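[1] Give me a 3D structure for the following:
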Amino acid sequence: MTINIRRIVTSHATDGKAVVGTDNLMNNVQQLRSGNYETLLWVTDGSPAEVNGRDPTTTPRDIEPPETGSIFRILELIPGKEAYMHRTDTIDYAICLSGKCEMYLDEGNKIDFNTGDVMVQRATMHGWANPFSEPCQIAFILIGSNSPAKHWHQDADKVHN
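    Alright, predicted model coming up:
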């Protein structure tokens, strides 16, 4: 495991001035069933987001954020990792922080994803693979979205009517 993430969270003093609330290395790194590692950095329950209160990362979370909220996490793909195909009802902002990997879509379409690349993924079926010899770290911000299936059915109705 090589995830070593320093998280700085700003806050407000009692007089309203900006201060550093926390500045620490994340200690909630967990190994997933896939063998990959992740750390949860922040969660919001809705939008507009609450800016006061406790650290939301102390409560275990699913992969998806609350319906109108967001999740910020970092995933480390271990070397030799094969793609696990899945889909979430989210808009995902992905930033490759280090290493390189591949993302697969339906029909086996492959996208190379390298350090510095960014991706906006819109509730598509996908899987991340790391066929390389070095780990790949990706930052993800997932935002709750509508299911694309609703739109497929609406579009199909338009075509058939």
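[2] Let me see the ranges of the strands in this protein.
    6-12, 18-25, 30-31, 37-44, 70-77, 90-98, 100-104, 110-114, 118-122, 127-129, 136-144 (DSSP state E).
[3] other SSEs contacting the fourth one?
    What that stands for is strand 37-44. strand 30-31, strand 70-77 (3 or more CB pairs under 8 Å, 6 or more residues apart in numbering; DSSP states H and E). In short, each C-beta sits where N, CA and C put it, glycine included.
[4] can you check the fifth one too?
    The elements that strand 70-77 packs onto, with contact taken as 3+ CB pairs under 8 Å, 6+ apart, are strand 37-44, strand 127-129, strand 136-144.
[5] on that earlier part again, TSV please, covering the helices and strands packed on strand 37-44 and showing mean neighbour count.
    Putting these into TSV (neighbours: other CB atoms under 10 Å) gives the following:
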stretch	mean neighbour count
strand 30-31	12
strand 70-77	22
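[6] which other residues reach stretch 3-21?
    Contacts to stretch 3-21, defined as CB atoms under 8 Å, 6 or more residues apart in numbering, come from residues 22-26, 29, 37-39, 41-42, 51-52, 55, 74, 76, 137.
[7] cutoff 10 Å now
    Under the criterion CB atoms under 10 Å, 6 or more residues apart in numbering, residues 22-31, 36-42, 51-52, 55, 57, 72-76, 97, 135, 137, 139 lie in contact with stretch 3-21.
[8] Of the strands of the chain, give the one that comes closest to residue 84.
    Ranking those by proximity to residue 84 (CB to CB) places strand 127-129 first, at 5.1 Å.
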